[in-house]
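Visitor: no sequence on hand, only this structure:
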């Protein structure tokens, strides 16, 4: 008489166990691949042109420290540490917020590798109360106040 316990069948994994192992393996591989790609992207982002960034930082500091708007519009020249002489100009426009200006900093400097002049443009938002006309400032503040009150009352 044979008992069920005595019957020895083929040894191995069931299809459910194999599918579960494959699913866990694929999740682990996907996670490790995504982590690896994130690390590669972070390293690439860190490896920026540091001399260029240092020169642009110096030009920004020079340009944005000019208090007088007429002087700022004239532009200027800066001797940079890596790219030699740089010429900067500024264009600006007022925004809907009092004393807030959109500023385009245009810089022309020589590319050390090619020897050609290149132009770079950056956009910044600056608060400069000294640039504002007092009458326009009050008008903008009144418009902003009206917009906020309209929003609060649900009219807009």
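Guide: Here it is on my side, so go on. Because the structure is predicted, anything quoted here is derived from the model rather than measured.

Visitor: can you give me phi and psi for residue 55?
Guide: phi -70, psi -40 (degrees, to the nearest 10).

Visitor: which residues touch the nearest residue to it once chain neighbours are set aside?
Guide: Leaving aside its sequence neighbours, residue 55 sits nearest to residue 80 (C-beta to C-beta, 6 or more residues apart in numbering; 3.9 Å). Where you see a C-beta, it was placed from the backbone N, CA and C, and this is true even at glycine. Neighbouring residues of residue 80 by C-beta atoms under 8 Å, 6 or more residues apart in numbering: 55, 58-59, 86, 109.

Visitor: show me what the top helix by length along the chain is packed up against.
Guide: Longest helix in the chain, counting residues (DSSP state H): helix 15-46. If contacts are counted by 3 or more C-beta pairs under 8 Å, 6 or more residues apart in numbering; DSSP states H and E, helix 15-46 sits against no helix or strand.

Visitor: report the buried residues of it.
Guide: Buried residues in helix 15-46, defined by neighbour count with 16 or more other C-beta atoms under 10 Å: none.

Visitor: okay, and residue 98 sits in which element?
Guide: Using DSSP states H and E, residue 98 sits in no helix or strand.
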